[in-house]
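**Student:** got a predicted model here, sequence first, then my questions.
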Amino acid sequence: MIRKKSTGHRCTGIRQICADAEINSIAPKYAIQVGQALLDVFNDRNKSIEVRRRALEAVSPLTTEQVKTAIKTAYESLDERLKISAVYAMGKTVTTNGCLSC
């Protein structure tokens with residue numbers, strides 16, 4: 001078996017699933033399940049900041065109101081690490097006008 005070289009980011013595969021979901025190359029029901037699971041992780045304050053950050057980064061390609069809210073919440077956080085992930089997520093979010101509040 002040939003293994004793809006790791007990029008160092010463990011959420012790359014999940015993020016790709018979200019990106020594929022956004023362009024409808026996977027079934028919508030799976031996109032909803034994956035997106036909701038990632039948002040649940042992000043919203044779980046009992047999870048470590050690092051786990052929550054990776055969940056936010058992974059879900060960022062999905063353009064739902066819940067994802068926009070999660071990004072905004074992270075950006076407004078007092079934790080600098082969450083803010084950094086929010087900015088990263090903003091860059092990965094697929095929007096037609098580039099505006100999270102629109």
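**Tutor:** In hand now; what should we look at? Since we're looking at a predicted model, the values are computed, not measured. Numbers count the residues shown, from 1 in each chain.
**Student:** so for the strand or helix carrying Tyr30, mean pLDDT?
**Tutor:** Element membership for Tyr30 (DSSP states H and E) is helix 28-43. For helix 28-43, mean pLDDT is 90.
**Student:** elements contacting it?
**Tutor:** Contacts defined by 3 or more Cβ pairs under 8 Å, 6 or more residues apart in numbering; DSSP states H and E place helix 28-43 against helix 12-22, helix 49-59, helix 65-75. (C-beta placed from N, C-alpha, C; glycine too.)
**Student:** buried set for the second one?
**Tutor:** The one in question is helix 49-59. Neighbour counts over helix 49-59 (16 or more other Cβ atoms under 10 Å) mark 52-59 as buried.
**Student:** pick the one among the residues you listed closest to Lys92.
**Tutor:** Glu57 (7.2 Å; Cβ to Cβ).
**Student:** thought that closest one was touching Tyr88?
**Tutor:** Yes - at 5.6 Å, Glu57 and Tyr88 qualify as touching, with contact defined as Cβ atoms under 8 Å.
**Student:** okay then, goodbye and thanks.
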